[in-house]
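Participant: next come a sequence and a model predicted from it.
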Amino acid sequence: TGRSTPHSAMADAVSLDARRVLGRTRVLKERLKSRVAGLSLLAESNKEKAEALADLKLRSVNLVEERQRIENAERATTEKDVLSSKQLAAFDRPPMVGGLLKSCTHDNAKDFIGAVADVRAALMQLFSRTAENEKLALTEAVALEEIHRERIKDASSALKLLHDSADRMQLRVEKRATEEKNDTTEVERLKLLLDARRAELELYEAKRATLQKEVEMRGSQLGHDLPPVPAGAAGSDASAAQQQPQQDTPDLHEQIIATIQRALDEINKSCK
């Protein structure tokens, strides 16, 4: 019984395979959990990126509208400047009798025209400053718009990279699912092997019962026909008889079945 037999070697191999399958299943489950957590974080990050991209697009639209408003204001200012220059040119003409200057003397008309010229100069200075401020604001708005466009491009590139990473992660998850399916197939194979061992055990049980009956029948016949056997010889024959059935008994198969059953129980517990 201490010698290594093919059945014991097979039992050791099956037990080793079962332990390997169990260890690999545990490692793959831990990896799958970490991958799922990583996908959740990636989805949240993608959502934040999408919200930031929408905000940048809205700001870009607002900047375009602000630029149009500034251009319209600059155009209106230019038109006002032209109109003011035309009106002041009318005051530069020499005074004539009639119209608005009919009741004014020539000196009063000159003073009035000088005052209007001063007002015109002040207005022109104010308009020029306003135009410069509007041009500066427009330049800053254009620069800010370019910056936002660059940020939108960077966000789009990052979003594309995130989508590619998500696709690769999905492929890994599908591969992991296929590996788990293969592990399930391995468990089914071990179950079939266990059923085969049990059937073989039943066959050995029947064979042992038949041999036991034959031994009992032969022992009864030899007991009537042969003289009594010496104690030493009887002991040696008994020990030989005890050793011989041990080689044919299904104890080894019971050990193999127990080992496979334990491996299956551990795999089922880990799968739960």
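Facilitator: That came through, no problem.
Participant: and R120, how many neighbours?
Facilitator: Taking other Cβ atoms under 10 Å as the criterion, the count of residues near R120 is 16. The C-beta positions use only the backbone N, C-alpha and C, and glycine is treated the same way.
Participant: tell me where the model's unsure across the stretch 101-250 of the chain.
Facilitator: Residue ranges of the stretch 101-250 of the chain with pLDDT under 70: 101-113, 219-250.
Participant: need the helices for it, in chain order.
Facilitator: 106-225, 231-248 (DSSP state H, counting those that start in this stretch).
Participant: now those in JSON lines, with distance to T77?
Facilitator: Compiled in JSON lines, those are given as follows (distance: least, Cβ to Cβ, whole Å):
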{"stretch": "helix 106-225", "distance to T77": "6"}
{"stretch": "helix 231-248", "distance to T77": "114"}
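Participant: check these for me and report the most buried one.
Facilitator: helix 106-225 (a mean of 13; mean count of other Cβ atoms under 10 Å).
Participant: show me what the helix or strand hosting R20 is packed up against.
Facilitator: Using DSSP states H and E, R20 maps to helix 6-92. Of the remaining helices and strands, those touching helix 6-92 by 3 or more Cβ pairs under 8 Å, 6 or more residues apart in numbering; DSSP states H and E are helix 106-225, helix 251-271.
Participant: which one of these lies nearest to A76?
Facilitator: helix 106-225 (10.5 Å; Cβ to Cβ).
Participant: and the angle from that closest one to helix 6-92?
Facilitator: Counting by axes from the mean of the first three to the mean of the last three Cα atoms, to 10 degrees, helix 106-225 lies at 170 degrees to helix 6-92.
Participant: residue nearest the middle of the chain, spatially speaking?
Facilitator: By Cα atoms, centre = their mean, the chain has its centre lying nearest to L39, at 2.0 Å.
Participant: against R176, how distant is that one?
Facilitator: Going from L39 to R176 by Cβ to Cβ, to the nearest Å gives 12 Å.
Participant: next one: the helix holding R20 to chain centre, how far?
Facilitator: On the basis of Cα atoms, centre = their mean, to the nearest Å, helix 6-92 sits 15 Å off its chain's mean C-alpha point.
Participant: ok, residues contacting stretch 156-172?
Facilitator: Stretch 156-172 is contacted by residues R35, G38, L39, L42, A43, S45, N46, K49, A50, L53 when judged by Cβ atoms under 8 Å, 6 or more residues apart in numbering.
Participant: now K49: closest residue in space, sequence neighbours ignored.
Facilitator: Nearest non-adjacent residue to K49, counting by Cβ to Cβ, 6 or more residues apart in numbering: L159, 5.4 Å away.
Participant: er, E180 I mean
Facilitator: Closest to E180 by Cβ to Cβ, 6+ apart is L28, at 6.7 Å.
Participant: verify the stated contact: that neighbour with R176.
Facilitator: Yes: contact criterion Cβ atoms under 8 Å: L28 and R176 qualify, at 6.3 Å.
Participant: what is the burial count for the residue nearest to E180?
Facilitator: 14.
Participant: from R172, how far off is it?
Facilitator: Relative to R172, L28 is positioned 11 Å away (Cβ to Cβ).
Participant: also G23?
Facilitator: From G23 to R172 the distance is 20 Å (Cβ to Cβ).
Participant: re earlier: now the residue nearest to the centre of the chain. Nearest residue, chain neighbours left out?
Facilitator: Nearest one to L39, counting by Cβ to Cβ, 6+ apart, is M169 at 5.6 Å.
Participant: gap between that neighbour and S40?
Facilitator: 11 Å.
Participant: just R197 next, same as before
Facilitator: With Cβ to Cβ as the criterion, R197 and S40 are 44 Å apart.
Participant: now swap in R19 and tell me
Facilitator: 32 Å.
Participant: these two: which is more packed in?
Facilitator: R19 (13 against 10).
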